[in-house]
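1. predicted coordinates and the sequence they were generated for:
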Amino acid sequence: MRDTVMESAQDCIASILTARSLGFAAGGQVLLQGIDVDIAKGKRTLIMGANGAGKSLFLRLLHGLLPPSFGTVRWHGERPAKRAQAMVFQRPVMLRRSVIANLRFALRVQGLGWRAREAGAREALEMAHLTEKARQPARLLSGGEQQRLAVARALVCDPEILFLDEPTSSLDPASTQMIEDLVNAAHARGVTVVMVTHDQGQARRMGDSVIFLHAGRLAEEGPRDQVLDAPRSEAARAWMAGRLYTRNDF
Amino acid sequence: MAEAFGLILRWDRELSVIVMLSLQVTLSAVALACLIGLPLGALVGAFRFPGRGVITVLLNALMGLPPVVVGLFVYLMLSAAGPLGVLGLLYTPTAMIIAQTILVTPIIAALTKQVVEDLHGEYAEQFASFGVTARTRVAALLWDARYSLLTVALAGFGRAVAEVGAVLIVGGNINHVTRVMTTTIALETSKGNLQLALALGVLLLGLAVVVNAGVMALRVSAVRAAYA
Amino acid sequence: MLRRHLLSLALGTVLAFGAGTARAQEFILVQSTTSTQNSGLFDHILPIFQEKTGIEVRVVAVGTGQAIKNAENGDGDVLFVHAKAAEEKFVAEGHGVSRADVMYNDFVIVGPADDPAGVAGMNDVVAALSKIAEAQAPFASRGDDSGTNKAELRLWKMAGIDVQAASGGWYRETGSGMGATLNTGTGMNAYILTDRATWIAFGNKGDYRIAVEGDAKMFNQYGIILVNPEKHGHVKAEAGQAFIDWVLSDQGQAAIADFKVDGQQLFFPNAGG
């Protein structure tokens, strides 16, 4: 017990989030196991890997949406629940309300008063270039607009960490660009970004460091250029080269 | 036949009193049932807890409650010889509202549970990510499902407005006091005035059509706005 | 907002009713029978009484059996029914103060025009029932423990016929009120014992006619009883007694005699007789 406390105290110096021996099992199957990573504060960490590698699951464990079956996730050495964090899902979940009401809802959950909610919502609309559409039903926006609203809605929560689960996987290049701009602007303000992506180009544009998962395990992690250009693991090498890699006994 | 419908069309004061009372009793009962059934259904739909399955089965079973049984139960409660006799509510519109509320609440709650459960399936992760409180969760689900819940309330309205067994027993079908459309239909049938009874039935149907059409119109505009 | 609206609607309505009840003028509740209600007698006499005294009379019209049960529970101030034996038992058990004769009407047996049992025109009811049983012609009984039902069973007993043995065969118990039994009975071509008042006011006669009438055994006595306030403290004894006194008075009796449907007098006052 004392050892873990000491260990996490040390990790805290550079990292905002630490996973230790993290694993998850469901329905008798181990889906994720033995993951030790540190998420650097103020950096953009990308989670990559093939379909089914456990990326989304890993992101949910980090965010605290799911309780780990094994190991721990610590935020400054504490449990992540109820921390200043927000998540953008692959398919945006729009409340059945107007665009601005979606933002107001997120602000109200933060416990803000009416005046602060209105100001925050207006600011977020402008940031996401959605001011014109404030009164429209959110579910009638285009896919790109919905995802912009989702990012803006996550950012009005004023998170220390912003999690994104393949936010641009179904968007056209222009929409993708706008999402990346929003995320980069948040990063510039000091928000830590943790994002799952398939897109190597996006990884080069956005990533400070990369965590590469394969078959529920950590294949490798490191600075972006190292993982993308000179991967040490066979799994990452295969994936970067566009080959199917099925071994999971590494 | 024409004569019977003529009676309806002439729309005398007598008839309007009956129609208004029908609407008052049924709308009050549906409103009360919504007050109880919406939060109850939302709680069962949005949370997992021990006993949830039992409550669900119970609510679904109670949807089939025979009105006469509800009427009898409320009569025994409100009768001067019953535990609530001192309130003096038997043979008043209030008693009819109570009976219909009991009849309709399980329907509202069970259908609300279904609607809210489906919506929650969609919202659950986003809500968990926001870290919303239980209270906000229920309120937001009910609000966002409001147009679907209008249909739920309609189902309750349909059951209550067409029901005769319960209001006959606890209301007593007293002229100008507790006589509503369904008890009038029953009375006219027993008097052998079948055509008048049928004409009243058509009027009741018309009323239900108007209410349903109004709500559907609301829903259609909601669907267009992707709110339903 | 929707919920808040619903809330105010519900509370508003409930309060409106509450206030309405509180503001309403004095009223009494009379447990009575479908025959008096359906014939229209109450619609004729109650406004006269209300005009004179300002007391509103609310009538719950059910079968005599249920009316007596309800009154035993204390759900009513006055009992106005037609089953003398049961009424006397009601008083003897302390549920009612005392019983007084009010009026009578008579029962008739109605039947289809083709008259399968050949009883049309008879005025000996016992003989007519025997003929119906012999022919095994369908007979619809109320079977609901009402005053009419009790009177009918008494007549079968006089004829020495065990109708229970034929139950489900030619003897059919509808288990419902007079009107419903007339609707059902005419639908299956059955003879039906009904009070004359309900029959005359009945609107769905089809080809039915009165087959048997005029036997003194078919007189149908109505009695009126104040529910015992010593047993049920909330009984409005004063207003209830005022109604009883009026019904038994010359003016009340005249009002009953005045009531006619299609020019026929339906109820014959005999208070104090």
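-> Sure thing, it's come through. Numbers count the residues shown, from 1 in each chain, chains lettered A, B, ... in the order given.

2. okay, CA-based contacts and neighbour counts for the rest of this
-> Noted.

3. where in the chain is pLDDT low?
-> Looking at chain A here, since you left the chain open. A:1-14, A:77-83, A:248-250 (pLDDT under 70).

4. think we crossed wires, I meant chain C
-> C:1-25, C:273.

5. spatially central residue in it, please.
-> C:Thr33 (2.7 Å; Cα atoms, centre = their mean).

6. so what's the closest residue to chain C within chain A up against?
-> Residue of chain A nearest chain C, by Cα to the nearest Cα: A:Arg97 (14.1 Å). By Cα atoms under 8 Å, 6 or more residues apart in numbering or on different chains, the contact list for A:Arg97 reads A:Pro137, A:Ala138, A:Arg139, B:Asp144, B:Tyr227.

7. which strands or helices does the helix or strand harbouring C:Leu79 pack on?
-> Here C:Leu79 sits within strand C:78-81, counting by DSSP states H and E. If contacts are counted by 3 or more Cα pairs under 8 Å, 6 or more residues apart in numbering or on different chains; DSSP states H and E, strand C:78-81 sits against strand C:27-33, helix C:64-72, strand C:219-227.

8. next, the buried residues of whichever helix or strand comes after that strand.
-> Toward the C-terminal end, the helix or strand that comes next after strand C:78-81 (DSSP H and E) is helix C:84-92. In terms of neighbour count (16 or more other Cα atoms under 10 Å in any protein chain shown), helix C:84-92 has its buried residues at C:Lys84, C:Ala86, C:Glu87, C:Glu88, C:Phe90, C:Val91.

9. what's the neighbour count on the residue nearest to the fifth one when sequence neighbours are not counted?
-> Okay, so that is C:Phe90. Leaving aside its chain neighbours, C:Phe90 sits nearest to C:Gly96 (6.1 Å; criterion: Cα to Cα, 6 or more residues apart in numbering or on different chains). Residues lying near C:Gly96 (other Cα atoms under 10 Å in any protein chain shown) number 27.

10. was I right to think C:Gly96 contacts C:Phe80?
-> No: between C:Gly96 and C:Phe80 there is no contact under Cα atoms under 8 Å: 11.4 Å.

11. and for those two, which residues touch both?
-> C:Ile225.

12. who wins on neighbours among the contacts of A:Arg97?
-> A:Ala138 (26 neighbours).

13. show me the contacts for that residue.
-> Counting by Cα under 8 Å, 6+ apart, A:Ala138 has contacts A:Met94, A:Leu95, A:Arg96, A:Arg97, A:Ser98, A:Val99, A:Asn102, A:Gln146.

14. how about a cut-off of 10 Å?
-> A:93-102, A:145-146, A:149-150, B:225-227 (Cα atoms under 10 Å, 6 or more residues apart in numbering or on different chains).

15. could you pull out the strands for the chain?
-> With no chain named, the answer covers chain A. A:15-26, A:29-40, A:44-49, A:70-75, A:85-88, A:161-165, A:192-196, A:209-214, A:217-223 (DSSP state E).

16. to clarify, I was referring to chain C.
-> Using DSSP E, strands in chain C cover C:27-33, C:56-62, C:78-81, C:96-111, C:139-141, C:171-173, C:191-195, C:209-212, C:219-227, C:260-261, C:264-265, C:268-269.

17. ok, and the closest non-adjacent residue to the residue in the stretch 101-250 of chain C that chain B sits nearest to?
-> Per Cα to the nearest Cα, C:Gly179 is where the stretch 101-250 of chain C lies closest to chain B, at 3.7 Å. The shortest distance from C:Gly179 to any non-neighbouring residue, by Cα to Cα, 6+ apart, is to B:Ser190 (3.7 Å).

18. would you mark the buried spots in the lowest-mean-pLDDT helix or strand in chain B?
-> When the helices and strands of chain B are compared on mean pLDDT, DSSP states H and E, helix B:2-10 comes out lowest with a mean of 72. Buried residues in helix B:2-10, counted by 16+ other Cα under 10 Å: B:Ala4, B:Phe5, B:Ile8.

19. that helix and chain C in contact?
-> No: using Cα under 10 Å from any Cα of the partner chain, we find that helix B:2-10 stays clear of chain C, coming within 12.1 Å at best.

20. taking helix B:2-10 as reference, get the angle to the helix or strand following that helix.
-> Per DSSP H and E, helix B:2-10 leads on to helix B:13-46 as the next helix or strand towards the C-terminus. Going by axes from the mean of the first three to the mean of the last three Cα atoms, to 10 degrees, helix B:13-46 is angled at 80 degrees with respect to helix B:2-10.

21. need the mean per-residue confidence for helix B:13-46.
-> For helix B:13-46, mean pLDDT rounds to 94.

22. by how many degrees do whichever helix or strand comes after it and helix B:13-46 diverge?
-> Remark: after helix B:13-46, the chain's next helix or strand is helix B:52-62, criterion DSSP H and E. Helix B:52-62 runs at 160 degrees relative to helix B:13-46, counting by the same axes, to 10 degrees.

23. apart from its neighbours in sequence, what residue is nearest A:Arg122?
-> A:Arg122 sits nearest to A:Thr131 (Cα to Cα, 6+ apart), 7.4 Å away.

24. who's in contact with that neighbour?
-> A:Val99, A:Ile100, A:Ala121, A:Arg122, A:Glu123, A:Ala124, A:Leu125.

25. which residues of chain A lie near chain B?
-> So chain A meets chain B at A:60, A:63-66, A:81-89, A:92-98, A:105-110, A:136-140, A:153-154, A:157, A:163 (Cα under 10 Å from any Cα).

26. C:Ala71: neighbouring residues, count only.
-> 28.

27. now it: how far from chain A?
-> Going from C:Ala71 to chain A by Cα to the nearest Cα, to the nearest Å gives 56 Å.

28. quick one: contacts for that residue?
-> B:79-81, C:29-32, C:77-79, C:90, C:95-96, C:225-228, C:232.

29. domain ranges for chain C?
-> Chain C resolves into domains spanning C:23-104+C:221-269, C:106-218 when parsed by automatic domain parsing.

30. now the ones you listed as CSV including distance to B:Ser28?
-> What follows is the domains of chain C, written out as CSV (distance: least, Cα to Cα, whole Å):
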stretch, distance to B:Ser28
domain C:23-104+C:221-269, 20
domain C:106-218, 30
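
31. what about stretch B:209-226 and chain C, touching?
-> No: counting by Cα under 10 Å from any Cα, no contacts exist between stretch B:209-226 and chain C, the nearest distance being 13.0 Å.

32. burial of residue 211, as a residue count?
-> Let's take chain A. With other Cα under 10 Å as criterion, A:Ile211 counts 24.

33. oops, I was thinking of chain C
-> Neighbours of C:Ala211 (other Cα under 10 Å): 23.

34. now do C:Val247
-> The burial count for C:Val247: 23, using other Cα under 10 Å.

35. likewise for B:Pro106?
-> B:Pro106 has 28 nearby residues by other Cα under 10 Å.

36. secondary structure of it: a helix, I assume?
-> Yes: under DSSP: H, G, I helix; E, B strand; the rest coil, B:Pro106 sits within a helix.

37. tell me the residue of chain A that sits nearest chain B?
-> A:Arg96 (4.7 Å).

38. can you tell me the closest non-neighbouring residue to that residue?
-> B:Tyr227 (4.7 Å).

39. so what's whatever residue of chain B ends up closest to chain C up against?
-> Chain B approaches chain C most closely through B:Ser190 (3.7 Å), counting by Cα to the nearest Cα. By Cα under 10 Å, 6+ apart, B:Ser190 lies in contact with B:184, B:197, C:34, C:38, C:176-183, C:198, C:202-204.

40. what about the most far-flung residue of chain B relative to its centre, distance to A:Ser98?
-> The centre of chain B is farthest from one residue, B:Ser129, which by Cα atoms, centre = their mean lies 36.5 Å away. Here B:Ser129 is placed at a distance of 20 Å from A:Ser98 (Cα to Cα, to the nearest Å).
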